[in-house]
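Enquirer: pasted the sequence and its predicted model underneath.
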Amino acid sequence: MATVGLTYFDGRGLGEIVRFTLAACGIEFTETLLQERQEYEKLLEEGKLMFHQVPLLEIDGLELVQSGAIVRYVARKGGLYGDSNEETSKIDMFYEGTRDFYKSFLYLVFQDPKEVLAAAKAKALPRYLPIFDQALKKNGTGFLVGESMSLADIGLIEVLLSVTEYFGEETLSDYPSLKAFKSMMVSQERIAAFLNGPQKKGGNTDAYVATCRRVLKLDI
């Protein structure tokens, strides 16, 4: 089997959802962690970065960019994208909602962490936690869509792990369906192996931010 390769940075950012999805699908992958501007420019010269950005996933002879396109390809490949057009549409809807929620944490360290977390606590948590709690309760299977894990669930567990990391487990105390969902998801064999393995990244660090700025010439 050809090697599946992910190119990103040694941090979460937009690459962590790709790692999560690959792990949930049982797809082994190697990582290239960018450190220098020259590495990024080489990828550009080789025509691998269509929109001049990472993550880049090389899989099945494809060179995929755009994290949404990447995870959908992987989810289809791994059977995490529904059994009907209706289910797929619902998965997309919930997944996009998790991405809106996750944006609350995306710029931690790039911007003042206290301000980012204060905004997340004041605006994102009271907006999104009730929505996803009710969605899980309504579906009644423990998952957001259907009777098995999907890409929507991968998106939700990623952001819930950030919520409890920064605000504590008690944040979910008023949301029993979310609390049960988190417990169930982290006990899934493949998810548990990923969370306890070397490819799971820690929170953003100053070194990670400096590398991103250097490689991409960011001004944020």
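Expert: Sure thing, it's come through.
Enquirer: show me what the lengthiest helix in the chain is packed against.
Expert: What stands out as the longest helix in the chain, according to DSSP state H, is helix 85-106. Contacts defined by 3 or more Cβ pairs under 8 Å, 6 or more residues apart in numbering; DSSP states H and E place helix 85-106 against helix 67-77, helix 113-119, helix 125-139, helix 151-167. Backbone N, C-alpha and C define where each C-beta goes, glycine included.
Enquirer: between those, which gets nearest to Leu22?
Expert: helix 67-77 (5.8 Å; Cβ to Cβ).
Enquirer: flag every buried residue along the closest one.
Expert: Residues of helix 67-77 classed as buried by neighbour count (16 or more other Cβ atoms under 10 Å): Ser67, Ile70, Val71, Arg72, Tyr73, Val74, Ala75.
Enquirer: now that helix: average pLDDT?
Expert: Average pLDDT, helix 67-77: 98.
Enquirer: with just CA atoms, put the longest helix of the chain into CSV.
Expert: The C-alpha trace of helix 85-106 is given here as CSV (Å, rounded to 0.1, in the frame of the first residue of the first chain):
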residue,chain,number,x,y,z
ASN,A,85,-27.7,11.6,0.4
GLU,A,86,-29.8,12.7,3.3
GLU,A,87,-27.3,11.5,5.9
THR,A,88,-24.4,13.0,4.0
SER,A,89,-26.1,16.4,3.9
LYS,A,90,-26.8,16.2,7.6
ILE,A,91,-23.2,15.2,8.3
ASP,A,92,-22.0,18.2,6.3
MET,A,93,-24.4,20.5,8.2
PHE,A,94,-23.2,19.4,11.6
TYR,A,95,-19.5,19.2,10.5
GLU,A,96,-19.6,22.8,9.3
GLY,A,97,-21.2,23.8,12.6
THR,A,98,-18.2,22.3,14.4
ARG,A,99,-15.8,24.2,12.2
ASP,A,100,-17.6,27.5,13.1
PHE,A,101,-17.3,26.5,16.8
TYR,A,102,-13.6,25.5,16.4
LYS,A,103,-12.7,28.9,15.0
SER,A,104,-13.1,30.2,18.5
PHE,A,105,-9.8,28.4,19.4
LEU,A,106,-8.0,28.5,16.1
